[in-house]
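> Coordinates for the following, if possible.
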Amino acid sequence: MEEENINYLKYTFFKMRKDWYFLDKRTSEEAKRDFLSIAQEVSSSLRASFFSLIGTRADTDFMIVLGSKRLEDFEEPISKILHSFLGRYLEVVYSYIAVERRSQYFARQKVEDVSGPFSNKKFLFVYPFVKKREWYRLPFSERQKMMGEHFRIGNKYRGIKINTGYSFGLDDQEFVLAFEGDDPYEFLRLVEELRGSDASAYTQVETPIFTCIRTTPERLMELI
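Just a heads-up that it's a prediction; the model follows:
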């Protein structure tokens with residue numbers, strides 16, 4: 001694995017505190033303008049995508065994905081958001097770190113092929129993932145065969161792109177899976193079929209699952 005092909009990802013999920021909704025309009029509009037200024041600054045220096053989860057989950061309202069060649073680049077933007085006017089009314093409810101890189105099972109895969117969080121697809125389905133330890137004790141050829149089945153199933157659903165982020169040692173999970181697409185029902189059918197694959201038997205954890213709707217910072221401020 002070549003170092004220059006590594007890209008770090010930071011998934012941060014935010015929840016608005018209840019007292020936000022009781023602010024007067026003038027104060028809330030000032031907080032929104034402050035956030036939009038920070039969002040513009042962040043987007044000019046890092047890869048950034050914004051998603052709404054209003055209406056898809058009860059425990060989080062929006063998510064920001066950041067991408068960079070350096071892990072430490074996430075420090076300043078998240079700090080700025082939390083110290084902003086809007087940050088007074090925000091709680092970070094989930095946070096994940098992962099790395100984009102070529103799959104060990106498919107050496108010809110390019111990192112550019114796994115940049116799902118930053119595409120133009122309408123939906124992003126995100127969840128942390130942990131495999132059973134028994135999986136890693138299997139011969140590589142056996143694991144590769146099962147992953148081949150996994151990818152063949154995925155290729156049947158042409159509207160859904162599978163992206164795997166690696167988190168070994170960087171975070172609690174081993175992977176962060178991110179599926180991008182425009183049709184939620186197509187994703188449902190994909191996951192339903194994947195449940196029957198051989199590799200699925202070695203799954204230990206794959207929750208929580210987040211259905212994220214791609215949006216702009218401006219639209220996000222309207223929604224909250």
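> ok now the stretch of helix or strand residue 31 belongs to, how far from the chain's centre?
In the assignment (DSSP states H and E), residue 31 maps to helix 25-45. With C-alpha atoms, centre = their mean, to the nearest Å as the basis, helix 25-45 stands 22 Å off its chain's centre.
> Please apply the same query to stretch 163-175.
The answer for stretch 163-175 is 11 Å, by C-alpha atoms, centre = their mean.
> ditto for stretch 173-192
Worked out by C-alpha atoms, centre = their mean, stretch 173-192 lies 11 Å from the chain centre.
> hmm, back to that, buried residues, the helix holding residue 31. List them.
Going by neighbour count (16 or more other C-beta atoms under 10 Å), the buried part of helix 25-45 is 28, 31-32, 34-36, 38-39, 42-43. Any C-beta I mention is one placed from the backbone N, CA and C, and that applies to glycine too.
> how many neighbours does the nearest residue to residue 200 once chain neighbours are set aside have?
Leaving out its chain neighbours, the residue that sits closest to residue 200 by C-beta to C-beta, 6 or more residues apart in numbering is residue 194, at 6.0 Å. When neighbours are defined as other C-beta atoms under 10 Å, residue 194 has 17 of them.
> Is residue 130 in a helix, a strand, or coil?
strand (DSSP: H, G, I helix; E, B strand; the rest coil).
> Run through who's touching the helix or strand of the chain with the lowest mean pLDDT.
Ranked by mean pLDDT, DSSP states H and E, the weakest helix or strand in the chain is strand 161-166, scoring a mean of 89. Outside strand 161-166, the residues within contact range by C-beta atoms under 8 Å, 6 or more residues apart in numbering are 9, 96, 98-101, 103, 114-117, 119, 121, 151, 154, 174-181.
> Now find how far off-centre stretch 131-143 is within its chain.
25 Å.
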